[in-house]
Structures are given as C-alpha cells and as structure tokens.
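Enquirer: Need the 3D shape of this:
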Amino acid sequence: MERVEATARRPSLSGRGRHVQVGSQKFITVGLPDHIWQDLYHQFMTIRWPTFFAVIAGVFFAGNSGFALLYMLGNHPIANQAPEGFLGAFFFSVETLATVGYGDMHPQTLYGHVIATIEIFSGLSGLAVFTGLIFTRFSRPHAKILFAQHPIIRPLDGIPTLMIRAANARQNVITEASARLRLMRLHVTTEGYENRRLYDLVLTREQHPIFSLGWNLTHVIDASSPLYNETAETMAESGTTLILSLAGVDETTSQTMRSRQIYSSEVIRWNHRYPDLIEQDEQGMNYVDYTKFHDTEPLSADDLQGNVVSADIV
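Expert: Got it, this is the predicted structure:
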C-alpha cells in the first residue's frame, strides 16, 4: 500500500526525458544533465547522414549571413560589390569563407580587411573540423553481421541447447572472430531487493578463425547453465534478455568489427530448428540460400528423438 501511495505522489514524467531502448524494453531517462554543447563530437557521430549534412548547410548559410551583416556595417568595405546590399555581401562572404577569391570583389577598407581576416580564419578552422568529421564517419568500421531474428531451444544429443545463427553479410573473411553470450534477468534477494543480474552463457565454441559464411552459436543447457530448468513462462516472468556480442578483424580493412544483438524471451522459439541453408545442384555446386536465414521450423518427432541431424552452416 505504501508503494502504491508513493507512486501516486510522484509527479508525472510523461513527455520528458530521453527515449532509450534496450532490447524490447523501452525507457525514458530523466534527471540527467543535458550537456549537448559539451559533447558535440558524439552528436555529430551519431546523427543520421541527412541530418549531418543539413546541420553543415545550416551552419554554412548562418555563418555567411552573419559575416554579410558585418560587412554591411562598414562604409563600403567591399570594392566592386555586385549586387548591392545584403545579397552582394553574402556572395562575397561565401567567396572569402571558401578562399576562392575570384578577384572581382575584394576588401578595400581597413574594416573590410579585418572582417575578411576573421572570416578566413573561421573558414579554415571550420573546414578542418567538418573534413575531419566526414572522414571519421566514412572510415568508421560498420559490421554487416546478420543475426537470426529468433533464437531456438532444441534438444541436441538429448540435451536442451540454445542456438543462435549468425552470418557475415559482407561475405569476406572476419579473422579470429569471438562471441560472448550473456543473460540478463530480474533477481529478487531474500530481503526482497530487486535488481537485474548478468550471467555468462558458455558457448560450445566462442571463437571462429575464418568467419565468412555463417556461424551457429550454441549453449548447452545442463545443470551448470543459468537456463537450467527454465521454461518460456519463467523466463517471461523474470524478464530474461539475451545479449549476444560478436567481434573480429575484417581481413579487407584490418579494422576491428563489432556487432551486438539483444533478444527478449518472447522471441525465443522452443522445440524449433533452423532450416538448412546449403543446397547442391546437379553439378555439385553449393548454394547458400539466405532467404531462409530468419526462418524456423517446429521439430518433428524424428528431430525430438534424435534421428535427424541438422546440416546448418557453421
């Protein structure tokens, strides 16, 4: 009753804060200091490309408009200004900021030279900053790793096994790839304290020397596993979440690639299997059909009895 009353007295937080999503769970964070101007680099690295170029264009036009107004405050500081007024001053500012210098319009007073000097310094500094940001955004490694939409739990050698399928969509080689699988769920202590705990799920194979086509990541659910004796219902009650991290060195660029996938317990398919992706034609050529990559199939009676062995790619 006290907890309900305390919740009722809490002021409404709707419409405030920043939206953050962890897996399938959504949160709104409030109360943190908003220091956007102190973290501009992170902002420029995380916004989308259209927004990035829109910001650059906005800064470009705003800056040139500001310098145009400064030129207009002087007594004819620009020689051969054409057209007269703000538009001519704006075009001169663009030429000066870009260090183009066509030669028709140029500063003719001390005031004009001072403003032009400040603008050239600002233009060179801004150009260096934006060039660095563009290069960093382009050169930042992006892993194109596919993760199956649904983890599955199925018996293998008579033991329940959690399986997640991954694939390298770039089709090159990721050397010394490593994977870590963790489980996060709500834990209640004997004192009634609730917290979320992380557990490591030991994979049958945590490293792949040449990750190129695909990789079936498996965790055996034995007595030592945090998933031992768990069911779909108990996992949903504890808010179980699977966190899969994969990293390796891209052989083409020699850059470290990292990718992550988060699964809620609701997307886990029990007693299902992944369909085979490899097919062979009459000439013996192997084909990998990724159109079935995210598909799952219910286990047949033979699968449950261990009479069928899956030929999933590894």
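Enquirer: Pull the contacting residues for His219.
Expert: Residues touching His219, when contacts are defined by CB atoms under 8 Å, 6 or more residues apart in numbering, comprise 161-163, 181, 201-204, 225, 227. Placement of C-beta: from N, CA and C, glycine included.
Enquirer: next one: Leu203
Expert: 179-181, 217-219.
Enquirer: of all the contacts of His219, which comes closest to Gly88?
Expert: Proximity to Gly88 was ranked across those by CB to CB; first place goes to Leu181, at 64.6 Å.
Enquirer: what about that closest one, distance to Ser139?
Expert: Computed as CB to CB, to the nearest Å, the Leu181 to Ser139 distance reads 30 Å.
Enquirer: and the two? which has more neighbours close in?
Expert: A direct count of neighbours by other CB atoms under 10 Å for Leu181 and Ser139 places Leu181 higher, at 23 against 9.
Enquirer: what pLDDT does the most far-flung residue of the chain relative to its centre get?
Expert: Computed with CA atoms, centre = their mean, the residue of the chain farthest from its C-alpha average is Asn75, at 52.9 Å. Reading off the per-residue confidence, Asn75 sits at a pLDDT of 92.
Enquirer: Can you name the residues that contact it?
Expert: Shown in contact with Asn75 (CB under 8 Å, 6+ apart): 109, 111.
Enquirer: before we move on, back to that, any chance of a ChimeraX selection covering the buried ones in the contacts of His219?
Expert: If you want just the buried ones from the contacts of His219 in ChimeraX, going by 16 or more other CB atoms under 10 Å, the selection is:
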select :161,162,163,181,201,203,225,227
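Enquirer: ok, the contacts of His219 vs Gly112, which is closest?
Expert: Out of the contacts of His219, the one with the shortest distance to Gly112 is Leu181. That distance is 65.7 Å, counting by CB to CB.
Enquirer: Report the mean confidence score over the longest strand along the chain.
Expert: Residue-count comparison of every strand in the chain, with assignments taken from DSSP state E, identifies strand 174-188 as the longest. The pLDDT scores in strand 174-188 average 93.
Enquirer: Helices of the chain, residue ranges please.
Expert: Listed in chain order, the helices of the chain (DSSP state H) span 2-9, 40-46, 49-73, 86-97, 110-139, 232-237, 301-305.
Enquirer: Many thanks, I have nothing further to ask.
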